[in-house]
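Peer 1: Sequence isn't available, so here's the structure alone:
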RNA sequence: CGGGGUGUAGCGUAGCCCGGUAUCGCGCCACAUUUGGGAUGUGGAGGUCGUAGGUUCGAAUCCUGCCACCCCGACCA
């Protein structure tokens, strides 16, 4: 492991790339745009999955699995959907290789597929094609299904976790008898995501709706949670779509309602991806490395023994073993690092880089005094603490760290959310103090587009429960009834 | 996909302009001394110079194609 990390102020983007690889979260694979998620990074994803999965089940959903391949023709059935994804699809055209006689393995041109298969960029089409066979009556509704899967989007420019050609995610796809019910579902799942972001990732998010420009291809309404990263850029952390009857119409999914009449089914879809790991990194980490919220940290507590001989080590290990047993009872994950191949200082730096929330060091001094040294990753504070009652203290400390990280991120967002009423101020803020900018907008796609071309800032969302306020559009001066949130985004 | 940059040992690099098979640091291995913030010494291993081709007696170096990554742009739940 190499020393030092480029600082955030020096080069934020380089800091991020180095951190991802040096903290052992992921690395570039030999396949363009695709990453290898390494065990430490994957264990964060597993934690996220297990929490979210429980949340989905607690809200009535079940998991299922649909094919990776989607017949090309399915995409043409929903016009705006195909427009949104056509330019980034991987397509399977053949099903066999052969030896060309010169020792080269080549595609067998005789094994051409009748119809090409698209590697799913999202599963609405294959799922709605399937739902057609599942739904006849209102008694078959709702269908509340989630899928954990990988998807492929042939992105032009990729970044580890934030945008990769293949990524892992979950996608919920639900079917309902009424529009009201589908909208309720859309909003419910947005709240699940917001809850997860705030209480597990310690990431404050703005709940909002996308403008028509930024909507998911095929949706009537896209709800989102937006988070602010430390460089002042926004990140879309999750979306929940009200799809109306678009997919039901495209795939002819009708049901008989209570009145005995045929109607198209109402749909939602919602998803979060491994991009959340990118959000986690960019929101909390510092120049020393990762800072992980205790709720999602694969290792919550690391114990490092400091010893001069075998005898001292075994005395320390006895204390450590006792602490480990107590912490495990409290469901706290602990690692005891008694490797003799690295010195304590090296281990300290390593666990800081990897974002372990709490470090306990036990040495000869502590043996004499009945103490340990406790260091918290979020503030870097170190203190000496008695061994008695240590488990309860650490449990509390983990809570404190979780809260502190959240509060810090919230303060950052508050400080970096500003109002602008004059276009010049708006532009100046974007360059000098990037962050969210609350500004009036005349509600037209043209104005939004113009601002985007001009400043690279987009409307991240129209916050839910937004305060009504009379004003004038920042660009055109036309009347507006509320402020919307602008930012440059990932 | 357009513009710019980079690619030399696991990582970071020198050498390239001006052609003669490769420099240094970290890391790695062995041993010893060490261990409360990234240890020290001694010895050692490790390289198709991204890749394919061309020019040449000879290519890391010159020329061409391709690939990957980084930055900017376009695109993008």
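Peer 2: Nice, thanks for sending it over. Given the structure is predicted, the values throughout are model-derived calculations rather than measurements.

Peer 1: I'd guessed residue A:210 sits against residue A:226; true?
Peer 2: No: look at residue A:210 against residue A:226 with C-beta atoms under 8 Å: they stay out of range, at 9.6 Å. The C-beta positions use only the backbone N, C-alpha and C, and glycine is treated the same way.

Peer 1: which residues do the two both contact?
Peer 2: residue A:461 (C-beta atoms under 8 Å, 6 or more residues apart in numbering).

Peer 1: tell me the contacts of residue A:168?
Peer 2: A:37, A:45, A:148, A:149, A:150, A:273, A:274.

Peer 1: Please repeat the previous calculation with a cut-off of 6 Å.
Peer 2: Counting by C-beta atoms under 6 Å, 6 or more residues apart in numbering, residue A:168 touches A:150, A:274.

Peer 1: Quick check: the gap between it and RNA strand B.
Peer 2: From residue A:168 across to RNA strand B, the span is 10 Å (C-beta to the nearest atom of the strand, to the nearest Å).

Peer 1: so which helix or strand takes in that residue?
Peer 2: strand A:166-176 (DSSP states H and E).

Peer 1: before we move on, what about residue A:278?
Peer 2: Going by DSSP H and E, residue A:278 is in helix A:275-284.

Peer 1: Which SSE is immediately downstream of that helix?
Peer 2: strand A:301-306.

Peer 1: Contact distance from RNA strand B - what residues of the stretch 51-200 of chain A qualify?
Peer 2: A:84-85, A:87-88, A:122, A:153, A:155-160, A:163, A:169 (C-beta under 7 Å from any atom of the strand).

Peer 1: Recalculate using a threshold of 6 Å.
Peer 2: Applying C-beta under 6 Å from any atom of the strand, we find that the stretch 51-200 of chain A lies next to RNA strand B at A:84, A:87, A:156, A:157, A:158, A:159, A:163, A:169.

Peer 1: now for these, which pair is the farthest apart?
Peer 2: Greatest spatial distance among those (C-beta to C-beta): A:84 and A:159, at 20.8 Å.

Peer 1: mind showing which ranges of chain A have poor pLDDT?
Peer 2: Within chain A, the stretches with pLDDT under 70 are A:1-3, A:102-103.

Peer 1: Next, the angle from the helix holding residue A:278 to strand A:166-176.
Peer 2: 110 degrees (axes from the mean of the first three to the mean of the last three C-alpha atoms, to 10 degrees).

Peer 1: hang on, the earlier thing: I'd like to know which of the residues of the stretch 51-200 of chain A next to RNA strand B are buried.
Peer 2: Buried subset of those (neighbour count, 16 or more other C-beta atoms under 10 Å): A:84, A:158, A:159, A:163, A:169.

Peer 1: need these in JSON lines with secondary structure, can you?
Peer 2: Shown next, in JSON lines, are those (DSSP: H, G, I helix; E, B strand; the rest coil):
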{"residue": "A:84", "secondary structure": "helix"}
{"residue": "A:158", "secondary structure": "coil"}
{"residue": "A:159", "secondary structure": "strand"}
{"residue": "A:163", "secondary structure": "strand"}
{"residue": "A:169", "secondary structure": "strand"}
